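> Just to be clear, the model below is a prediction. Sequence and coordinates:
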Amino acid sequence: MNTKILLFTFIFLCVLFTEKATSAPIKIFGKAPEYALNSIDLNILHDFISEEKIKLGTIRFNAEGVFSLELELTETSLCFADFDGYHGMIYLEPGKSYEIVLPPKQELSESQKRNPFAKPEPIWFGLLNPVKNELNVQIQQFEHDFAILENKYFDRIYTYQSKSLVDTVKMKIDKEFPKTTSTFFESHKLFRKANIEFALHQGKASGFMESYFSTIKPIYNLAAYSTLFNQVFLNYFNVLTNEANSTEIKEMIYASELRQLDDYFQKQLHFNRELSHFVLLKSMNDAYYNNQFPKASILRMLDRVKTSGWSAYEQKTAQLIRSKLTYLTSGTKPPEIKLKDLNGQRVSFSDYQNSYIYLHFTDPKNPICRQHLDILKGIAAHYKDKFIIINVIPGNTAFKNDSGWPGIFTTTESNTKETYKVKTYPNSFLIGKDGKLLLSPAPNPIDGLDRQLGQLFKSDYFKELQKNNSQKN
């Protein structure tokens, strides 16, 4: 069975990666009157570890709701768009045209937009009059039938780990979806079936790793592969260091020995070169968050990717992972956002060089935010002229600071949910005199800001005394 899987996988990968080298135009068009004069960004992910979004283009609707977008891709890719509470998905193949059908438009309230727990509804973009055996239709039908079988036997597969039942499900799937000429769809079926096989033994069964990973190069553009990959190699450094004779692995991680780890993965674990690199990237990403290893060691390893002879795509992925891990951390430059005060005048961090800036995201309509602003008034009076307060409020030109709250009140058209990860109010950051984030996040006014500022200004006072005394001597 494993030999057949390997042979089949080798064949479709040869075709898949041969096709990958060519680029061809893609056209998306249609009519959706409900969306007249709106626009929707269409994206892909750079990779399935950093999950960095790359914008392919913008679907723009005219006054009648007619839209058309042309773009180019070098390979079949899962594209997505987040809009109106939807997470729309579609696989696009180079050289093809798609007349798409959008879901009914829904208007989200301001509270819905700001709800940090709200998740967009995943939907597939519809296709008008799709051709026979169209990839999206095949995948959607497969996922529908696969979900029915998985739900029917869920307990016996995932709780009681019945191998015979897993084999039965795989046989039923094979019967309902016989082999096609689409190499991409065949690979999707292969790794989706592998997912329920993984449920039996968490990838520890003999031959599982070899059948689906060790000898197969990563399939970067296939969601079914990335889902299984992220399950199999979750916290992989932890997995390796919890095994017997793990001292060698721990020492290599602590010492940021990327080349030695890569050599170990390829020679001892028998991973192919590309798999070794992506497992290392995934492992470094996970290790940074679980705090088992020093963060500095992980960041050094990510930096060493660019001098280790890895591919340009792998180097870019490492760079994106590093940027994601260190984003908004103390000591980094704060993200730029365009701010305007209530008079429409531009406000910039650079206007307040050599000053502490308390960046306070707040909503004066919110009673909790008003309590924080009231406390901030006393803190500002206590530390008068020692720091600048920039309040960023939701766009509302009607707001007037009748309560005499301290600081500059600004609005922004920038997406603060993306730039500063602001999901709830209030949310605060302290920018140091060097223009870098000093406290990220910073305490909100009621939650210890007074004490934190007191320690900071006291430390500055003693540093200034020492400086003056050394100059006198």
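It's in. Numbering: from 1, shown residues only.
> low-scoring pLDDT stretches of this protein, where are they?
With pLDDT under 70 as the threshold, the chain has low-confidence stretches at 1-22, 114-116, 244, 396-397, 473.
> So for it, the centremost residue is which one?
Using C-alpha atoms, centre = their mean, the residue of the chain that lies closest to the mean C-alpha position is Glu51, 4.0 Å off.
> check which helix or strand covers it.
Under the criterion DSSP states H and E, no helix or strand holds Glu51.
> so what's it up against?
Residues touching Glu51, when contacts are defined by C-beta atoms under 8 Å, 6 or more residues apart in numbering, comprise Leu45. Yep, even glycine has a C-beta here, placed from its N, CA and C like the rest.
> That one and Ser323: what is the separation?
To Ser323, Glu51 is 12 Å away according to C-beta to C-beta, to the nearest Å.
> Then Leu200?
From Leu200 over to Ser323 (counting by C-beta to C-beta), the distance is 37 Å.
> between those two, which one's more packed in?
Counting neighbours by other C-beta atoms under 10 Å for Leu200 and for Ser323 shows that Leu200 has the greater number, 17 against 13.
> Would you agree that one is in contact with Gln161?
Yes - using C-beta atoms under 8 Å, Leu200 and Gln161 qualify as a contacting pair, with a distance of 5.0 Å.
> just to revisit the earlier point, ok, now how distant is the residue nearest to the centre of the chain from Phe117?
Computed with C-beta to C-beta, the distance linking Glu51 and Phe117 is 20 Å.
> Same check on Gly95?
When distances are taken as C-beta to C-beta, Gly95 and Phe117 turn out to be 41 Å apart.
> Just want to know which of these two has more residues nearby.
Using other C-beta under 10 Å, the more surrounded residue of Gly95 and Phe117 is Gly95, with 13 against 6.
> residue ranges for the helices of the stretch 251-400 of the chain, please.
Counting by DSSP state H, counting those that start in this stretch, the stretch 251-400 of the chain forms helices over residues 258-267, 273-290, 295-304, 312-326, 367-382, given from the N-terminal end onward.
> Could you confirm Gln161 falls within a strand?
No - under DSSP: H, G, I helix; E, B strand; the rest coil, Gln161 falls outside any strand and is assigned coil.
> re earlier: to Ser226, which of the helices of the stretch 251-400 of the chain lies closest?
Evaluated over these, closeness to Ser226 peaks at helix 273-290, with 9.9 Å, by C-beta to C-beta.
> Now do the buried residues in that closest one.
When neighbours are counted by 16 or more other C-beta atoms under 10 Å, the buried residues of helix 273-290 are found to be 274-288.
> so what does it touch, helix or strand wise?
On a contact count with 3 or more C-beta pairs under 8 Å, 6 or more residues apart in numbering; DSSP states H and E, helix 273-290 meets helix 223-232, helix 236-241, helix 258-267, helix 295-304, helix 312-326.
> For the ones you listed, give me JSON lines that also has distance to Leu78.
Formatted as JSON lines, the entries for those read as follows, by distance: least, C-beta to C-beta, whole Å:
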{"stretch": "helix 223-232", "distance to Leu78": "5"}
{"stretch": "helix 236-241", "distance to Leu78": "24"}
{"stretch": "helix 258-267", "distance to Leu78": "27"}
{"stretch": "helix 295-304", "distance to Leu78": "26"}
{"stretch": "helix 312-326", "distance to Leu78": "17"}
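> For the stretch 301-450 of the chain, which segments count as strands?
Defined through DSSP state E, counting those that start in this stretch, the strands belonging to the stretch 301-450 of the chain, from first to last, are 339-341, 346-347, 356-361, 387-392, 408-412, 427-431, 437-442.
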